[in-house]
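> This is a predicted model, with the sequence first.
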Amino acid sequence: MNLIGNKGALMLKFSLYERTFSFINCHLVAGVDKGTQRCDMMGTALRGIDVQKPQDKFEPDASADYNFIMGDLNMRFKAKFSDFIEFVDYAKDYMKEYDELYEQRNLLNRFPGYHEEPIEFMPTYKRDSISNGVYINKKEQCPSFTDRILFKANDRTVDVQYNKYQCRDEIYGSDHRPVYLDLNLKLNQDMLIEPQLLFNPETPEQGSGLINFDFFKLTFDKAGLFTIKKKWAMPLFVQLEFRADWLCNNAMSFEKRIIGIE
């Protein structure tokens with residue numbers, strides 16, 4: 001989705017082993033002191049990516065099991081080049097003090113649910129395009145970690161092993177350096193079941209699993225208990241997960257109980 005000029009976002013989404021993967025590559029607005037504007041732009045891009053049915057009103061990364069946000073997020077260090085350049089070799093130790101993305105995520109509750117591995121590399125911007133170790137002073141813009149990768153797992157059963165989060169310093173041709181994230185997702189395939197078996201009373205024992213529904217109807221009685229109007233195989237234990245808006249609220253609620261089935 002193009003938003004302004006060469007800024008915007010592109011999503012790749014696919015399914016593997018009954019799980020959905022979402023990769024969102026973005027290029028957010030440039031300039032200093034625009035951290036909030038960059039987060040707002042990310043939210044606008046997510047709400048505008050048309051990969052769902054027209055009636056769906058939630059962001060696409062709320063419906064995928066595993067989500068990656070990557071690219072030039074353009075988050076800057078809130079310092080001047082001339083004041084900070086002598087400390088650039090230790091920039092990773094100053095994330096809490098100067099990094100816009102750290103501030104937006106940890107203090108202002110943006111990108112809720114997303115995780116970023118600790119940074120152990122040099123700032124990726126603004127580099128010399130043909131060599132390493134040289135940072136360019138453009139209007140006092142501080143060397144910054146503009147290029148990032150964030151990960152969110154909506155599937156709480158997965159075992160995530162983070163291996164490496166690093167920068168490719170040897171790739172020239174730009175004033176940025178690309179970064180990569182190496183991780184393992186251990187999917188418990190024993191937890192996967194066929195959705196149609198839940199509706200077959202002749203096969204009451206199917207183990208446990210995760211099923212995503214596009215739509216179902218809930219009715220509530222006077223006691224506040226709810227009933228799903230659907231014919232199921234029995235017995236059945238249902239967990240419902242209610243998601244808040246992606247960039248507006250970090251709250252999630254879980255209801256775990258035996259519910260009435262009609």
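Nice, thanks for sending it over.
> Enumerate the positions of the longest helix along the chain that are buried.
As assigned by DSSP state H, the longest helix anywhere in the chain is helix 35-48. Buried residues in helix 35-48, counting neighbours by 16 or more other Cβ atoms under 10 Å, are found at 35, 38, 39, 41, 42, 43, 45, 46, 47. Bear in mind the C-beta positions are built from the backbone N, C-alpha and C, glycine included.
> CA atoms of it as PDB?
The C-alpha coordinates for helix 35-48 follow below in PDB (Å, rounded to 0.1, in the frame of the first residue of the first chain):
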ATOM      1  CA  GLY A  35       8.400   8.600  15.900                       C
ATOM      2  CA  THR A  36       4.700   9.100  16.600                       C
ATOM      3  CA  GLN A  37       4.000   9.900  12.900                       C
ATOM      4  CA  ARG A  38       5.900   6.800  11.800                       C
ATOM      5  CA  CYS A  39       3.800   4.600  14.200                       C
ATOM      6  CA  ASP A  40       0.600   6.300  12.900                       C
ATOM      7  CA  MET A  41       1.700   5.600   9.300                       C
ATOM      8  CA  MET A  42       2.300   1.900  10.200                       C
ATOM      9  CA  GLY A  43      -1.200   1.700  11.600                       C
ATOM     10  CA  THR A  44      -2.700   3.400   8.500                       C
ATOM     11  CA  ALA A  45      -0.800   1.000   6.300                       C
ATOM     12  CA  LEU A  46      -2.100  -2.100   8.200                       C
ATOM     13  CA  ARG A  47      -5.700  -1.000   8.100                       C
ATOM     14  CA  GLY A  48      -5.400  -0.200   4.400                       C
END
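> In terms of secondary structure, what does it contact?
strand 2-4, strand 7-16, strand 19-27, helix 100-106 (3 or more Cβ pairs under 8 Å, 6 or more residues apart in numbering; DSSP states H and E).
> Just the residues contacting the strand or helix carrying residue 148, thanks.
Assigned by DSSP states H and E, residue 148 falls within strand 147-153. The contact list for strand 147-153 (Cβ atoms under 8 Å, 6 or more residues apart in numbering) reads 61, 65-73, 75, 101, 111, 113-116, 124-125, 160, 165, 167, 176-181, 183, 185.
> that older thread, and whichever helix or strand comes after the longest helix of the chain, what's its mean pLDDT?
Of the helices and strands lying after helix 35-48 in sequence (DSSP H and E), the nearest is strand 66-72. Mean pLDDT, computed over strand 66-72, is 96.
> List the neighbouring strands of strand 66-72 plus their orientation.
strand 19-27 (parallel), strand 147-153 (antiparallel) (DSSP bridges).
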